[in-house]
Structures are given as C-alpha cells and as structure tokens.
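Novice: With the sequence up front, the predicted model follows.
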Amino acid sequence: MQLNKLIGAAALMGMAAAACAQETVVRIGHSGPLSGSQSFAGKDNENGARLAVEELNAKPITVGGKKLKFELVSEDDQGDPKSGVSVAQKLVDGGVKFIVGPYNSGVAIPASRVYSEAGAVVATVGSNPKITEQGYKNLYRINASDTQLGGKMALYAAKELKLKNVAVVDDRTAFGQGVAEEFKKQARVSGLTVAGHEFTNDKASDFTPILTNLKAKKVDAIFFGGYAPQGGPMARQMKQLGLNAKLLGGDTICAPEMGKLGGDAVGENVLCAQGGAILDKAASGADFKAKYKKRFGQDPDVYAASFYDGVMLYADAMKKAGSVEPAKVGAEVAKNSYKGVAGTYAFDEKGNMQQSPVTIFTFKNGQPVPLTSY
C-alpha cells in the first residue's frame with residue numbers, strides 16, 4: 001500500500017514537472033513613482049501593466065511550444081534619477097529583460113543606459129526628446145514627445161483660444177524644461193508674445209512671487225512645465241491673487257489630482273495636452289475603461305492604457321518572433337505595427353512613435369475632460 005502511495009506521489013510530481021517544462025515565465029519590470037507626490041500616477045501606470053499581465057495569464061499565449069506565464073515586477077523609483085538608476089540595476093540583475101517605464105523623463109534618461117547595457121527592451125512614456133536621441137537600441141517611446149505635447153498646446157492657444165500674451169514656468173526637471181521650451185518655441189512661431197519664463201522646482205508649494213510678477217505683465221495664460229502636485233496649488237494661488245489667466249500644461253497635469261489639489265480653482269481655465277486619441281472614442285477605449293474600473297475600483301488616469309499597451313506590445317512581438325529573447329522581441333517591435341488601446345504603435349529608427357495624436361483636455365467637476373484631438 002505504501003509503495004503504491006509512493007508511486008502515485010512520484011507520478012504526480014512527474015506530471016507537475018512536465019507541466020512546468022511546458023511553461024515559460026516572462027518577467028515584466030515596471031519602474032515608476034509608487035511613493036511621494038507623484039504616486040497617484042505611478043500606481044495608475046502599475047495598474048495598467050498589471051491588468052495586461054492578468055489578461056495574458058487568463059488566456060495564455062504559446063511561444064516556441066510553451067505557454068507563457070507573465071509576472072509583474074514593480075519597483076518604486078520615487079521619480080528620482082538616482083533611485084531610477086538603482087531600480088534599473090536591480091531589475092536587470094534579477095533577470096528582468098522587458099521594462100515598462102520609467103514614467104519620468106529625468107529618470108528614463110540615465111536609467112536607459114543601464115537597461116541598454118543589459119540588453120533589455122524598454123517602453124517608456126518619458127517625453128523628453130533626449131531619451132530617444134541617446135542612440136540606445138530597443139528603447140521605445142510609447143506616447144507623444146515634448147515636441148508634440150508642448151507644440152500642439154501652443155498651437156491650440158494661438159488658433160483656438162486666440163491668446164496673445166503668455167508666460168512660461170518650468171520646474172527644472174527634464175520633463176518640465178523640455179515641454180516648456182517646446183511650448184515657447186511654437187508659441188513664438190504662432191505669433192504669441194512670451195512675456196516671461198520663470199523657474200520653480202518639483203517640491204515647491206508657494207508660487208506667489210512668480211505669479212505676482214506675471215500678473216504685472218498682464219499675461220493671458222501661463223504654461224506650466226511640471227506635475228500636478230505643483231500645478232494644483234499654482235491654480236489655487238492664481239485665483240487668490242486675482243490672476244485671471246488660463247493655466248496650460250502638458251500630460252502630467254491632465255490628472256484628477258489637479259482637481260483634488262486645486263479645488264474650485266481648477267475648471268475650464270485649465271487646459272492640458274496629453275498623448276493619444278480620446279479614449280472614449282478609441283475602438284477599445286470604453287472596454288478598457290470598464291475592465292480597469294471593475295478590477296481597481298476607479299477610472300484609469302493619464303497613462304494606464306499606455307502601460308497596458310506596452311505589456312501587450314511585448315506579448316504581440318513575442319508571438320511574431322516565436323521567441324522571448326529580448327533581441328528578437330525588440331527587432332519585432334521595431335519593424336512591426338501594433339494597434340493598442342491608446343494608439344497604434346509603429347516606430348521610427350530612433351524609437352519614437354511615427355504618429356502620436358495629441359488630445360487637448362480641460363476640467364469639469366475636478367476631472368479632465370477631452371476637447372479635441374489633433
């Protein structure tokens with residue numbers, strides 16, 4: 001009897017081993033600010049990636065005769081360049097070869113060297129043009145660049161809002177400087193007067209001196225190159241000072257966090273540019289929003305769909321390559337096109353999206369509401 005039990009146990013172990021042999025584990029790394037003032041964005045991005053991983057595991061794909069099992073390895077880079085490099089080293093040392101993130105341009109620029117040296121494939125939403133100008137292979141930007149975000153916000157300000165006199169404030173981060181310079185460049189080309197360019201930082205909370213100076217210059221709008229944790233208080237202080245100018249920005253202020261921090265000072269006076277088409281009008285946008293809300297109990301924020309698409313982009317490339325080797329998967333990403341929720345991912349030789357529509361948003365009841373895409 002005991003012998004039969006042992007034989008049975010051995011058989012079960014053999015079956016389990018055989019099953020494991022038919023499965024390949026693919027680890028997807030996520031790097032983003034999971035703590036601190038930008039944690040709302042980092043967790044939203046992580047949720048987008050997690051949703052994709054869970055869907056892929058619910059309906060496994062087969063590559064090289066083996067089912068793929070995806071695992072998400074998420075790390076907090078704190079939105080800090082030094083921490084981002086440490087996170088990159090930790091992920092690649094752990095054998096993670098496919099990365100979604102970093103979220104911040106200032107993190108993506110130095111961390112991309114670590115990923116490149118390890119032969120990893122990276123899909124980032126960092127928008128500073130410098131990211132893809134470093135010449136690293138298998139580094140892809142899966143959203144609009146600062147040139148598109150800042151430039152199209154300036155075009156909208158000139159053509160649709162009919163503004164004349166604007167000012168720029170940036171937080172001195174790689175993202176903030178980059179998007180502000182692109183706005184300023186296009187604003188001047190479009191005939192706007194740039195009355196001033198002021199500077200702050202991504203930890204500031206009091207903008208009164210800057211805003212008082214700009215009020216004296218009678219500006220129609222202020223373009224803020226920075227993030228929602230500063231954008232919300234800035235809008236509130238503009239109202240307190242009686243500065244009746246519009247507050248413009250890039251994708252990082254297109255978030256409910258603006259409404260939470262700015263209260264009734266954030267409304268139709270605030271406009272922002274975000275990469276991608278209007279999600280509600282995208283073919284699979286409504287379905288994604290419903291799945292996300294069911295899983296996480298809230299609506300997706302700015303880039304949840306992009307991080308979801310990044311994971312799905314990798315899975316699609318793995319199927320096409322018939323391999324999970326990073327070099328082969330990266331080659332498929334480079335030469336093919338993938339239609340995701342937030343856009344169609346086809347890349348130029350530098351790793352930028354060939355076409356990335358930009359949507360202009362305003363705010364109603366504290367929530368970003370899309371106006372138009374172009």
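Specialist: Okay, I see it.
Novice: Can you pull the phi/psi pair for G285?
Specialist: Main-chain torsions, G285, degrees, to the nearest 10: phi -60, psi -50.
Novice: and the gap between it and R113?
Specialist: Remark: distance between G285 and R113 (C-beta to C-beta, to the nearest Å) = 35 Å. Yep, even glycine has a C-beta here, placed from its N, CA and C like the rest.
Novice: Just give the number of residues close to the closest residue to D220 other than its chain neighbours.
Specialist: Using C-beta to C-beta, 6 or more residues apart in numbering and skipping residues adjacent in sequence, the residue nearest D220 is L163, 4.3 Å away. For L163, the tally of surrounding residues (other C-beta atoms under 10 Å) stands at 22.
Novice: And the one 10 residues further on, by the same measure?
Specialist: As a burial measure, T173 scores 22 neighbours (other C-beta under 10 Å).
Novice: I figured it was touching I109, is that so?
Specialist: No - using C-beta atoms under 8 Å, T173 is not in contact with I109, being 10.6 Å away.
Novice: quick one on the thing from earlier: which one's more surrounded, G285 and R113?
Specialist: Comparing G285 with R113 by other C-beta under 10 Å, the one with more neighbours is G285, at 18 against 14.
Novice: Please list all residues in contact with the more buried one.
Specialist: When contacts are counted by C-beta atoms under 8 Å, 6 or more residues apart in numbering, G285 is found next to 278-279, 305, 341.
Novice: Please indicate which of these are buried?
Specialist: Buried by 16 or more other C-beta atoms under 10 Å: 278-279, 305, 341, out of the contacts of G285.
Novice: now these in CSV, with pLDDT?
Specialist: Below are the buried ones among the contacts of G285 laid out as CSV (pLDDT from 0 to 100):
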residue, pLDDT
I278, 78
L279, 79
A305, 95
V341, 94
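Novice: now, which of these lie within helices?
Specialist: Taking DSSP state H, the ones among these that sit in helices are A305.
Novice: Pull the number of nearby residues for D93.
Specialist: So D93, with other C-beta under 10 Å, has 10 neighbours.
Novice: Need the pLDDT of it.
Specialist: With respect to pLDDT, D93 has a value of 98.
Novice: which non-adjacent residue is nearest the spatially most central residue of the chain?
Specialist: The chain has V125 as the residue nearest its centroid, 3.8 Å off, counting by C-alpha atoms, centre = their mean. In this structure, V125 finds its nearest non-sequential neighbour in N143, 4.6 Å apart by C-beta to C-beta, 6+ apart.
Novice: same thing with A346?
Specialist: Closest residue to A346 apart from its sequence neighbours, by C-beta to C-beta, 6+ apart: S337 at 4.0 Å.
Novice: and that neighbour, what does it touch?
Specialist: S337 neighbours (C-beta under 8 Å, 6+ apart): 344-346.
Novice: ok, back up a step: would you format the contacts of G285 as CSV with distance to T193 included?
Specialist: Shown next, in CSV, are the contacts of G285 (distance: C-beta to C-beta, whole Å):
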residue, distance to T193
I278, 31
L279, 35
A305, 37
V341, 39
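Novice: Looking at these, spot the one nearest Y156.
Specialist: Relative to Y156, the closest of the contacts of G285 is I278; by C-beta to C-beta it sits at 14.5 Å.
Novice: Please report phi then psi for that closest one.
Specialist: According to degrees, to the nearest 10, I278 has phi -60, psi 120.
Novice: and if you look at C272?
Specialist: Note on C272: its backbone torsions stand at phi -150, psi 160 [degrees, to the nearest 10].
Novice: is it true that it touches G259?
Specialist: No - in this structure, C272 is not within contact of G259 by C-beta under 8 Å, at 11.9 Å.
Novice: So which of those two has more stuff around it?
Specialist: Set C272 next to G259 and count neighbours by other C-beta under 10 Å: C272 wins out with 27 against 22.
Novice: Quick check: closest non-adjacent residue to that one.
Specialist: C254 (4.2 Å).
Novice: if we can go back for a sec, separation between the residue nearest to A346 and Y303?
Specialist: For S337, the distance to Y303 equals 20 Å [C-beta to C-beta].
Novice: Can you tell me the element L247 falls in?
Specialist: In this assignment (DSSP states H and E), L247 forms part of strand 246-249.
Novice: can you give me the mean pLDDT across that strand?
Specialist: So the average pLDDT for strand 246-249 ends up being 98.
Novice: Moving C-terminal from it, which element do we reach first?
Specialist: Past strand 246-249, the next helix or strand by DSSP H and E is helix 256-262.
Novice: Show the backbone phi and psi for G95.
Specialist: Main-chain torsions, G95, degrees, to the nearest 10: phi 80, psi 10.
Novice: Report the contact partners of the closest residue to it other than its chain neighbours.
Specialist: Sequence neighbours aside, R27 is the residue nearest to G95 in space, at 6.7 Å (criterion: C-beta to C-beta, 6+ apart). Counting by C-beta under 8 Å, 6+ apart, R27 touches 70-73, 94-98.
Novice: Please settle this for me: is R113 part of a strand?
Specialist: No - with DSSP: H, G, I helix; E, B strand; the rest coil as the criterion, R113 is assigned helix and is not in a strand.
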